[in-house]
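A.B. asks: have a look; sequence and predicted model below, questions after that.
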Amino acid sequence: MTVGRFAIGLSKLRFLKSIGIQVRDKSVLDVGTRIGENASLMKQWGAQKVVVCDPDNESLQMGLDQGYLSKDTTYSITLQEFTENAHEQFDVVTFFQFCLPAHKEREAFSEALAKSVKSDGLVVIKKLIFLSVFSICSTAIIAF
């Protein structure tokens with residue numbers, strides 16, 4: 001099932017709460033985490049486990065240095081590489097489309113998203129649309 005929703009400029013965690021997605025006692029994979037501020041908040045708000053992956057070493061190192069990320073749950077690889085090497089699946093997978101993979105990689109990325117979520121889990125994809133004064137978020141929630 002896919003449900004479209006709209007919101008204006010919310011942080012990832014506030015956004016998840018605003019559309020009724022709870023992370024308490026859930027395992028979460030945050031794809032494209034950057035420095036991990038939202039991953040840190042998800043952990044503080046009761047997520048059982050938060051794993052992050054992002055191919056941007058520099059951003060991840062900043063997150064580690066600032067204490068947002070934990071070395072044992074931070075992976076400096078693409079989602080496709082993560083799912084090839086990990087056998088774990090998650091209750092909630094979040095991906096905020098600031099940087100969508102190149103067109104030729106989108107099918108493999110979509111397959112990796114599907115592999116990373118449990119059969120009864122959720123994938124939350126938030127796409128930002130920038131306008132001149134504010135941003136609008138279009139969201140797909142995919143239940144498995």
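C.D. replies: Looks like it came in fine. Every value quoted in this text rests on a predicted model; they were computed, and no experiment measured them. Numbers count the residues shown, from 1 in each chain.
A.B. asks: output the contacting helices and strands for the strand of greatest length in the chain.
C.D. replies: Taking residue count as the measure and DSSP state E as the definition, the longest strand of the chain comes out as strand 117-130. In this structure, strand 117-130 makes packing contacts with helix 12-18, strand 90-97, helix 106-116, strand 135-143, judged by 3 or more Cβ pairs under 8 Å, 6 or more residues apart in numbering; DSSP states H and E. The C-beta positions use only the backbone N, C-alpha and C, and glycine is treated the same way.
A.B. asks: could you give the average pLDDT over the last one?
C.D. replies: The one in question is strand 135-143. In this model, strand 135-143 carries a mean pLDDT of 50.
A.B. asks: show me which residues of the longest strand of the chain are buried.
C.D. replies: For strand 117-130, the neighbour count (16 or more other Cβ atoms under 10 Å) marks 117, 121-126 as buried.
A.B. asks: any chance you could list what contacts stretch 68-81?
C.D. replies: If you take Cβ atoms under 8 Å, 6 or more residues apart in numbering as the criterion, stretch 68-81 is touched by 31, 33, 35-37, 39-40, 49-57, 60, 63-64, 82, 85, 95, 101, 105, 108-109, 112-113, 116.
A.B. asks: strands - which of the residues you listed land there?
C.D. replies: Among the contacts of stretch 68-81, the subset assigned to strands under DSSP E consists of 31, 49-53, 95.
A.B. asks: quick check: ChimeraX command selecting the buried ones in the contacts of stretch 68-81.
C.D. replies: In ChimeraX syntax, the buried subset of these is picked out as below (16+ other Cβ under 10 Å):
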select :31,33,35,36,37,39,40,50,51,52,53,54,55,60,63,82,95,101,109,112,113,116
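A.B. asks: check what pLDDT the residue most central in space within the chain gets.
C.D. replies: Against the mean C-alpha coordinate of the chain, by Cα atoms, centre = their mean, the closest residue is Thr94 at 2.6 Å. Model confidence at Thr94, expressed as pLDDT, equals 88.
A.B. asks: my guess is it contacts Val117, does it?
C.D. replies: No: between Thr94 and Val117 there is no contact, the gap being 10.5 Å when judged by Cβ atoms under 8 Å.
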